[in-house]
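Q: Sharing a sequence plus its predicted fold:
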Amino acid sequence: MPGPISMPEQASTFANAMDPLFWVLVALTVFFTVIVGIMIFAFGIRYRRGSKASRKNPVHHNLFVEVVWTGIPLLMSLVVFVWASEVYAFSRRMPKDALQVYVVGKQWMWHIQHANGIRENDELHVPVGKAVNLTFISQDVIHDFFVPAFRIHTDVIPGHYTNAWFEATKVGVYDLFCGQYCGTQHSEMIGKVYVMEPAAYQAWLASGGDKQVTKRQSIAESGEEIFNRFQCVQCHGFAPARAPSLVDLHNTPVRLEDGRAVLADDNYLRESIIDPPKKVVEGYQPVMASYQNSLSEDQVLQLVAFIKSLRSGNKAVAPAEGNRQEGKQQ
Amino acid sequence: MSATGYSAKEGKKNYLNNGTSIRSWLTTLDHKRIAILYMVGVMVFFAIGALGATMIRLELIRNDGFILEHDTYNRMFSMHGIVMVFFVIIPSIPAILGNFCIPLMIGAKDVAFPRLNLLSWYMYITGGILAAIAIFSGGVDTGWTFYTPYSSQFSNSNVSLALFAAFFAGFSSIFTGLNFIVTIHKMRAPGLTWFRLPLFIWAQYATSIIMVLATPVIAITLMCIVVERTLGLGIFDPTKGGDPVLMQHMFWFYSHPAVYIMIVPSMGVISEVVSCFSRRKIFGYPFIAFSSLAIAVFGFVVWGHHMFLTGQSAYLGYIFSILSFMVAIPSAVKVFNWAATMYKGHIWFTAPMLFALGFIGLFVVGGLTGLFLSSMGTDLHLHDTYFVVAHFHYVMVGGSIMGFLAGIHFWWPKIFGRMYPENWAKTAAILVFLGFNLTFFPQFILGYQGMPRRYHYYSAQYLPLNVLSSAGASVLAVGYIIPLFYLIWSLKYGRRVTSNPWRAVGLEWMTSSPPPTENFDHKPVVTWEAYDYHYSEIDDLPEEPESMMYLPEDEDAHTHDKPEAAVGGEV
Amino acid sequence: MSAEAAVQEHAHGHGHEPDLMHQFDTMEQQNDAYMTGMWTFLVTEIMFFGGLFCAYLVYRYSYPTIFFDAHKHLSIRMGGLNTFILLTSSFSMALAVRAAQLKSRKGQLIWLAVTVLFAFGFLVVKYFEYSAKFEHHLVPGPYFNYEPTTSLVNNPHFNGIVSQIPGAQLQQWAQMFFVLYFCMTGLHGIHVIIGIIVISILWWMVYKGHPATRYFMPIEMTGLYWHFVDIVWIFLYPLFYLIPH
Amino acid sequence: MSEEHGTHATHEHPATSVFTFFKVYIALLLLLLATIWVQYQNFGGLANPIAMAIAVIKMGLVMAIFMGVRFGSKLMKLWAFVGFFFLLILFGTLIDYSSREWMYFHGWSQ
Ligand code: HEA
Ligand code: HEA
Ligand code: CUA
Ligand SMILES: [Cu+2]
């Protein structure tokens, strides 16, 4: 257990990127506090009432010093800004080959799904040295996924996905907190992140995530099941003219009916299922019904995972024949 | 110029003994009396808020929630935040010291709209009573930020009532701001040009602009939440096509500028106090004056730095981040100018000066830690941890409240015509400073270690620092309670002071203490610059300044009016 | 802050100028103070409405199609009529202020009456509009039931299929439009009602020859307020009734 | 006293003639017709800016003539401007919504 003043565990690549910035800011703070402190103490003592120090030639303004003490903090803060933005950008650039994990926040637990279908509550197992992409959604109020050791902190919002990623650098068990006030048991909406050696992680995976699940399928497989059960196939499966093919859709730009182009990222996919008329694909009619009331956020996540798995090279699951370009012709 | 032109005839009618019935107080149109009404209100709410703080710190002595239930704890910090922000710190300096001093400092008989002034006090009290009802009939558990959809759909506490309370407090502050803007523009004494104004006035002017422009936005936002709660319409409800993040935009569009409503008046007080007790013309007058305006205007374009992690567009995030750095610059200018004012001064360490120096130290730390939060890289970690709690207590308690105490001690002899015991006051200043650091410095470390705010169960690794913090809070509490006693004591037993006990310049010191109802016997005409401290006069300062501060004792005995009776009747 | 306040203040005035309040030195200073105060108040009103306008912008940006469709449920004619009514009342208010300036009691009485009359006209039209919304289940809440307009249904892009969208979305977004519609026009309506009350009192005072009406400020300030109410509507009208596709 | 006293207080300015008011009133009505007319034309993306521009002109007329801003003090004009300026800042919120999608093209997630 770390002592009271010990610094938090530094267990992710982002922590390594952030901490120097933090300490530079600490240095900046100490620097200015000391300067101001010295000025106050020195003047206070030297020019205390009754002291004999000379007060000849007092100055009441001096443009030069004003410029200096405006300019120096300005320059320093510009430097810090640029650096801090760089660090932030680092946290936003999602690595392409990352493990994908889906997180649903609800009062007051974390519901976590791995790509291969393992589900956990309030626990997250990840391998060390491998980037992990997290996609968040909340079922009720705003929560916040916070792992101090990784320095990641992202609001989990009802209504749209947010993301974060990390790459753990140290094996260990770390605290997971809910960082946004969410009601009665906010302070108990906590969990643990287990960072494991790759081998141990594989073993954990193989054992079905410690939890005995009779029939386990990957999250994409569950998604496919829903895809069939909810008759999505009806339109997206066989008649590309009726609805766009979903193969190779993820992370490609989509041209919309109103002329805009958007990237088909997770949020777009979710929106297309929850709010189909909001963004209508060019050349199609908004016939698709909203599934907002029939699908839970978990199921939507599974559908999204399934659609992401639809790659033209991937023969296993390919509901629609042909590629997107053909499908769009009408 | 000298203060003697208006030397006080003590014992004559003043605003305190001009009518002593409760009714004469509750229907008064005198800005000075309204200031005292506010003082009473703010003190009551400070006690309520402090009760919340006490419960929070007691609960956090152990990490297993050994005193309060979850819901009770949540209600405690929400009550603490709502009361402290809307009912203590926002009205504190503007409505008490501003109300009292602005007309005196600009040589006016009253504010421009005395009735509106009284109305805003009633708005404040209405809001306060609603808040008290909300708190004592079940409480509010949303935190002071009222984030949707928790506040609109999920919380089953008295949220609507609290929203109305904040709404009323908001309108009270709009009316105060409006009044001040008009007063400062239109009521200045002949010869008192903008650049002869005391910096406190500049600060109040900047603050009033924020009050008038930002507060209506939160008023309407709060009403939207009320509509959402009571009528079930979803303006911010994601299940009804709304966006909860929009509510945060609108909330912080007010609440960030609001933090400058809290700090800028305090900065104005510091400018007065530092130059008075350094016996020195303030250094860089125009820079301090314009930095107040710069803070007010720039303060409007940084609200998004509270929302870096909400999925807000990163581009907008960058803009907010850099603007937050920019808004720190005028604060830096002020700090350095204050320090430079002490250079070659004759520094007189009175209680107000000690509070003011404490302000500077704590504000610098609080402000600089704000930079940690406005740089997006570090805010990713520090957001909503105890680091934020420590940051805002450094600026709000270490800054605004210290400034408020400095101002109260500075103008107390003017307000009541009596002096508090200086040594007790100095003790309090030192206790507050030490206790404050002991309470909140550990919270920076806690925050960096990752302890989230609004937690009352927390992991054991954070225990030692929390205990330390609670211990500090008890020192701090003593530091706050001492002034409460000696200030009340001084109302009756304090030594009577001359019209200008500190030998300060400024119009408010040129009328008797306490001032007459009409403020000045003769309409003042200003022919001098602000902060015109003459060294020659300093040399006149006797070794024992007592002689110039107090009226001779025997004269005291002869006076029959008892200002404290009036105040006592009010409390 | 308006006529009434000024009148009450008057009772306390003393000294040579009967309308001069004690805190002011000259009438000029006092008038200036009132004008500055009123304008400051209007600025806060702008920001007060501004919050809702901001929400409107964001949601119209998010749901352009549905906002377009939903706006067809508002009657351009009724809205236009109301714009006409408010513009006219603004005009007559300007004339009333002018009459006060020229110290014409009769002029004030006539034009204030016309203003109030038109203000009532506005409310009557609004009443019909609101009740039509009730009939068509367009009032947000449990009974809200949005039917897409035929123009949306007949739109070449959406031909014949919109009716098949069971889309809870359609309902929600349309409801958002009407929530904003009712909040914004409702808030505006409250301002109209306040205006009616203030102007009526003013009329009564002029009629009775109340000494306060010697003083020009109450009517001037009421006028400013009323023009502001008009300006808000000038924006509400195109934003709600005239959404181009 | 204060420098604003140099400029005219409203009640001192010459009473605007009825005819001027009437002209403005007619102009307002014409603009009203214009904005409705625009609605029925096919201006595409321009329709909205046109409608708003008309509204702004109407507001300008009401403020300048009916509310007497043209005779008002500098302070009054400044205030009128400040009100709208800060309103625009508030509308800056929209930038959040409109720029969220840019991020996708930079290989970022929100
Ligand atoms: C009095 C109130 C007050 C004041 C004055 C400030 C001042 C500042 N605040 Fe603070 N803040 C709050 C009250 C205040 N704040 C509150 C209440 C919250 C939390 C709300 C909640 O969530 O509940 C908060 C939260 C908060 C956040 C959000 C944190 C989060 O939730 O993630 C941020 C982020 O940018 C921030 C930044 C700043 C900055 C940059 C300043 C700047 O203005 C500070 C400027 C001052 C200085 C910089 C010091 C003096 C300068 C020098 C000595 C020279 C050196 C200077 C440089 C090198 C630039 N504050
Ligand atoms: C002006 C504003 C202000 C002031 C003065 C204070 C004062 C204090 N605050 Fe406060 N605080 C806030 C504004 C303020 N706070 C806000 C806005 C929040 C955020 C709320 C939220 O999350 O929504 C907050 C949250 C907050 C927390 C975080 C709670 C959490 O996130 O779980 C903590 C924890 O330590 C805390 C502690 C304190 C302490 C120890 C003081 C001390 O300075 C108080 C010292 C005083 C005393 C201990 C009592 C003195 C006694 C008297 C004057 C007599 C009174 C009589 C009786 C008690 C009967 N505050
Ligand atoms: Cu979930 Cu806090
Ligand atoms: Cu802020």
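A: Looks like it arrived, so ask away. Owing to the predicted nature of the structure, the values given are computational and were not obtained by experimental measurement. Ligands and ions are numbered 1, 2, ... in the order given.

Q: In contact with the residue in chain D positioned nearest to ligand 2, which residues?
A: Here the residue of chain D nearest ligand 2 is D:Thr93; by CB to the nearest ligand atom that distance is 22.8 Å. For glycine as for every other residue, the C-beta is placed from the backbone atoms N, C-alpha and C. Residues near D:Thr93 by CB atoms under 8 Å, 6 or more residues apart in numbering or on different chains: B:246, B:249-250, B:253, C:54, C:57-58.

Q: Quick check: the gap between whatever residue of chain C ends up closest to ligand 1 and B:Ile220.
A: Closest residue of chain C to ligand 1, CB to the nearest ligand atom: C:Gly51 (19.6 Å). For C:Gly51, the distance to B:Ile220 equals 4 Å [CB to CB, to the nearest Å].

Q: which element follows the strand or helix carrying A:Thr70 toward the C-terminus?
A: Under DSSP states H and E, the secondary-structure element containing A:Thr70 is helix A:63-92. Proceeding N to C from helix A:63-92, the next assigned helix or strand is strand A:99-106, under DSSP H and E.

Q: So is that following strand next to chain D?
A: No: using CB under 8 Å from any CB of the partner chain, strand A:99-106 stays clear of chain D, with a minimum separation of 11.9 Å.

Q: Closest residue of chain C to chain D?
A: Using CB to the nearest CB, C:Pro244 is the residue of chain C that sits closest to chain D, at 3.2 Å.

Q: most centrally placed residue in chain D?
A: With distances taken as CA atoms, centre = their mean, the residue of chain D nearest its centroid is D:Val56 (3.7 Å).

Q: before we move on, back to that, let me know the secondary structure of the residue of chain C closest to chain D.
A: For C:Pro244, the reduced secondary structure class is coil; criterion used: DSSP: H, G, I helix; E, B strand; the rest coil.

Q: Can you tell me the element the spatially closest residue to it that is not a sequence neighbour falls in?
A: Using CB to CB, 6 or more residues apart in numbering or on different chains and skipping the chain neighbours, the partner closest in space to C:Pro244 is D:Ala47 (3.2 Å). When elements are defined using DSSP H and E, D:Ala47 is found to belong to helix D:47-61.

Q: same for that helix, what does it pack against?
A: Secondary-structure packing of helix D:47-61 (3 or more CB pairs under 8 Å, 6 or more residues apart in numbering or on different chains; DSSP states H and E): helix C:217-236, helix D:18-40.

Q: Name the stretch among those helices that sits most buried.
A: Mean neighbour count (mean count of other CB atoms under 10 Å in any protein chain shown) peaks for helix C:217-236 among the helices and strands packed on helix D:47-61, with a mean of 25.

Q: Output the contacting helices and strands for that helix.
A: Under the contact rule (3+ CB pairs under 8 Å, 6+ apart), helix C:217-236 is packed against helix C:3-12, helix C:27-62, helix C:76-101, helix C:105-135, helix C:168-208, helix D:47-61.

Q: buried set for the second one?
A: So the one you mean is helix C:27-62. In terms of neighbour count (16 or more other CB atoms under 10 Å in any protein chain shown), helix C:27-62 has its buried residues at C:27-60, C:62.

Q: which of these are close to chain B?
A: When the buried residues of helix C:27-62 are filtered against chain B using CB under 8 Å from any CB, the residues retained are C:29, C:32-33, C:36-37, C:40-41, C:43-45, C:47-52, C:54-55, C:58-59, C:62.

Q: Quick check: the residue in chain D that ligand 1 sits nearest to vs D:Ala47, distance?
A: Proximity to ligand 1, evaluated over chain D using CB to the nearest ligand atom, is greatest for D:Asp96 at 16.1 Å. Distance from D:Asp96 to D:Ala47, counting by CB to CB: 25 Å.

Q: neighbour count winner among these two?
A: A count of neighbours by other CB atoms under 10 Å in any protein chain shown puts D:Asp96 above the other of D:Asp96 and D:Ala47, at 24 against 19.

Q: re the thing from before, for the residue of chain D closest to ligand 1, give me its contacts.
A: If you count contacts by CB under 8 Å, 6+ apart, then D:Asp96 has B:245, B:249, B:304, B:312-313, B:316 around it.

Q: try D:Ala80
A: Shown here is D:Ala80, whose contacts under the criterion CB under 8 Å, 6+ apart are C:39, C:43, D:63, D:69.

Q: in what helix or strand does it lie?
A: Under the criterion of DSSP H and E, D:Ala80 resides in helix D:74-91.

Q: quick check, distance from that helix to the centre of its chain.
A: The gap between the average C-alpha position of helix D:74-91 and the chain average comes to 10 Å, counting by CA atoms, centre = their mean, to the nearest Å.

Q: Which helix or strand lies directly C-terminal to it?
A: Next in sequence after helix D:74-91, counting helices and strands by DSSP H and E, comes helix D:93-99.

Q: Smallest distance to ligand 1 belongs to which residue of the stretch 401-550 of chain B?
A: Of all residues in the stretch 401-550 of chain B, B:Arg453 sits closest to ligand 1, with a separation of 7.9 Å (CB to the nearest ligand atom).

Q: for that residue, phi and psi?
A: B:Arg453 adopts backbone torsions of phi -80, psi 170, taken as degrees, to the nearest 10.

Q: Pull up the residues of the stretch 301-450 of chain B that are close to chain C.
A: Counting by CB under 8 Å from any CB, no residue of the stretch 301-450 of chain B is near chain C.

Q: which stretches of the stretch 101-250 of chain A form strands?
A: Secondary structure of the stretch 101-250 of chain A (DSSP state E, counting those that start in this stretch): strands located at A:109-114, A:119-121, A:123-127, A:131-138, A:143-147, A:152-156, A:162-167, A:172-178, A:191-196.
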